[in-house]
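Chemist: Generate a structure from the sequence data that follows.
(one chain, ligands or ions: 2)
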Amino acid sequence: MKLDAPVFATVPARRVLEAIRLAGGEARFVGGCVRDAIMRRKFTDYDLATTLKPEAVMAACEAAGCKVIPTGIKHGTVTVVADHQVFEVTTLRRDVTTDGRWAEVEYTDDWQQDAARRDFTMNALFCDMHGNVTDFFTGLEDIKNGIVRFVGVPELRLKEDVLRILRFFRFHAHYGHGAPDTAGLEACKALVSLLPTLSTERVRVELLKLLNAPDPLPTWRLMAEIGVFNALNLPLTNIARLEQVVAHEKTLGLSEPLRRLWASIEGEFADIGTRLRLSNTDAQRITALMHLPVVPADEKAQLRLAYKLSAQTVMDALIVSGGATRQNLEQLERWQRPQLPLNGADLVKLGMSQSPAMGEVLEKVEAWWIEQNFTPDHAACVAQAKRLLA
Ligand code: ATP
Ligand code: MG
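Modeler: Ligands and ions are numbered 1, 2, ... in the order given. This is a model prediction of the structure:
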């Protein structure tokens with residue numbers, strides 16, 4: 001198989017690959033960028049695999065004028081920046097076992113061994129700068145048929161790294177056609193009880209990436225059925241609401257993982273923020289989603305509500321209820337929360353002193369100003385304050 005050469009034959013790529021070649025090594029693109037290039041999907045990360053050891057990669061790329069960062073040098077990964085383009089360069093590795101436990105990785109110059117330690121056949125493809133693809137397993141065929149297939153024996157690969165259960169479903173949601181690979185699914189089913197050993201961070205990242213798929217529903221339903229959420233002790237099985245939200249988003253051309261995560265919550269689950277270690281912003285967004293208002297159809301009334309809650313909450317409420325239009329959402333997105341053109345200093349000039357009464361006057365003027373759709377200016381607000389004080 002040969003890819004359109006220009007995908008990888010860029011100026012910065014040439015610089016890195018040529019530097020490695022001059023140092024006596026070879027580098028090829030690998031993983032997500034190769035998979036996505038074959039499927040003609042957009043990608044942002046460039047991963048390279050190389051026969052050169054990390055220290056030699058650093059020396060060679062530095063000599064070629066690239067910026068080099070020893071990001072994960074212990075695991076063989078070096079970040080190389082050439083003409084502002086970032087490459088993650090990892091030395092070929094093979095997994096070694098000791099006493100039946102996965103201990104270390106070892107460098108190798110065998111491309112196939114490196115492919116064999118990767119999770120899925122579609123993630124184990126290499127591609128050189130000219131677009132020549134190396135496929136040691138059945139990656140190309142599996143991409144064509146939409147099958148996420150483990151490299152090797154699924155049960156063994158899952159026991160090495162349980163995260164692969166979630167990756168299996170994530171990649172199926174994004175790249176799979178129809179039902180998932182039977183052997184892979186059976187292995188995941190048999191080993192769901194190992195899921196609680198995963199860190200919260202890794203679970204969160206995988207679930208949100210999965211929910212970002214155009215239609216995560218069939219996969220999510222399957223995960224619920226085989227007990228993934230049960231094992232993780234996360235009540236994310238509200239399939240009906242998730243289905244509704246995804247359907248509404250689709251008609252608007254949207255895909256919002258956080259809103260979908262909220263939609264999947266069954267019953268009360270107020271501590272999802274702590275349980276999934278969401279950022280404060282994300283946790284607040286979920287809390288707002290748990291208390292969505294009924295949004296009036298009138299657009300001016302929507303902005304008044306947006307001022308009190310937030311434009312995001314109003315947009316969420318519209319989308320979730322199925323009442324959103326693109327135009328309506330764009331207006332809310334563009335909207336900048338106005339600031340009341342009156343403050344304490346203005347009231348002092350009117351003879352008031354700092355007191356709780358001052359706050360009350362400000363609040364009353366603000367309520368009036370909101371009712372007037374934020375149109376009264378400074379002078380009008382001062383006049384209104386005067387009227388109130390009289
Ligand atoms: P994405 O588009 O999500 O970045 P990706 O395929 O690049 O997809 P990464 O998580 O960035 O995925 O990993 C890069 C590559 O490293 C994968 O394509 C795969 O070959 C390998 N890999 C990553 N995680 C694992 C894992 N847990 N087990 C085995 N191989 C893995
Ligand atoms: Mg990647």
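Chemist: Please count neighbours and contacts with C-alpha atoms only from this point.
Modeler: OK.
Chemist: Give the rounded mean pLDDT of stretch 60-75.
Modeler: Here stretch 60-75 scores 95 as its mean pLDDT.
Chemist: residues of it that come out buried?
Modeler: By neighbour count on 16 or more other Cα atoms under 10 Å, the buried set for stretch 60-75 is 60-62, 64, 66-68, 73.
Chemist: now what about it, what contacts it?
Modeler: 15-16, 19-20, 22-23, 54, 58, 77-83, 90, 105 (Cα atoms under 8 Å, 6 or more residues apart in numbering).
Chemist: repeat that for 7 Å
Modeler: 16, 19-20, 23, 54, 58, 77-82 (Cα atoms under 7 Å, 6 or more residues apart in numbering).
Chemist: can you put these in TSV and add distance to ligand 1?
Modeler: Shown next, in TSV, are the contacts of stretch 60-75 (distance: Cα to the nearest ligand atom, whole Å):
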residue	distance to ligand 1
Val16	19
Ala19	23
Ile20	20
Ala23	25
Pro54	17
Met58	20
Thr77	11
Val78	14
Thr79	14
Val80	16
Val81	17
Ala82	19
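Chemist: Quick one: mark the members of the buried residues of stretch 60-75 that sit in helices.
Modeler: Counting by DSSP state H, the part of the buried residues of stretch 60-75 found in helices is 60-62.
Chemist: sorry, back to before: which of the buried residues of stretch 60-75 sits closest to ligand 1?
Modeler: Using Cα to the nearest ligand atom, Ile73 comes nearest to ligand 1 of these, at 15.5 Å.
Chemist: that older thread, any chance of the ones in helices among the buried residues of stretch 60-75 in CSV, plus distance to Val96?
Modeler: Converted to CSV, those look like this (distance: Cα to Cα, whole Å):
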residue, distance to Val96
Ala60, 28
Cys61, 29
Glu62, 31
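Chemist: ok, which of those also contact ligand 1?
Modeler: Here nothing survives when those are matched to ligand 1 using Cα under 6 Å from any ligand atom.
Chemist: buried ones in stretch 192-207?
Modeler: 192, 194-195, 203, 206-207.
Chemist: how about the nearest residue to Lys189, chain neighbours excluded?
Modeler: Excluding its sequence neighbours, the residue lying closest to Lys189 (Cα to Cα, 6 or more residues apart in numbering) is Ile226, at 5.7 Å.
Chemist: Next up, phi/psi of that neighbour, please.
Modeler: Ile226 adopts backbone torsions of phi -90, psi 0, taken as degrees, to the nearest 10.
Chemist: so where is the stretch 101-250 of the chain shaky, pLDDT-wise?
Modeler: 101-104 (pLDDT under 70).
Chemist: how about the residues of the protein near ligand 1?
Modeler: So the chain meets ligand 1 at 31-32, 117-119, 123-124, 163-164 (Cα under 6 Å from any ligand atom).
Chemist: Now do the same contact list for whatever residue of the stretch 151-300 of the chain ends up closest to ligand 1.
Modeler: Relative to ligand 1, the nearest point of the stretch 151-300 of the chain is Arg164 (5.4 Å; Cα to the nearest ligand atom). Taking Cα under 7 Å, 6+ apart, we find Arg164 in contact with Leu158.
Chemist: Swap in 10 Å and give it another go.
Modeler: Taking Cα atoms under 10 Å, 6 or more residues apart in numbering, we find Arg164 in contact with 119-120, 150, 154, 157-158, 170-171, 188, 195, 206.
Chemist: go on, Leu92?
Modeler: For Leu92, counting by Cα under 10 Å, 6+ apart, the contacting residues are 27, 48-54, 76-77, 105-115.
Chemist: Tell me the spacing between it and ligand 1.
Modeler: 12 Å (Cα to the nearest ligand atom, to the nearest Å).
Chemist: do the same with Val7
Modeler: Counting by Cα to the nearest ligand atom, the gap from Val7 to ligand 1 is 16 Å.
Chemist: correct me, but that residue touches His130?
Modeler: Yes. Using Cα atoms under 10 Å, Val7 is in contact with His130, at 8.8 Å.
Chemist: what's the residue closest to the geometric middle of the protein?
Modeler: Residue closest to the average C-alpha location in the chain (Cα atoms, centre = their mean): Lys209, at 4.5 Å.
Chemist: need the helices for the stretch 51-200 of the chain, in chain order.
Modeler: 54-63, 111-116, 139-145, 154-160, 163-175, 182-191, 200-211 (DSSP state H, counting those that start in this stretch).
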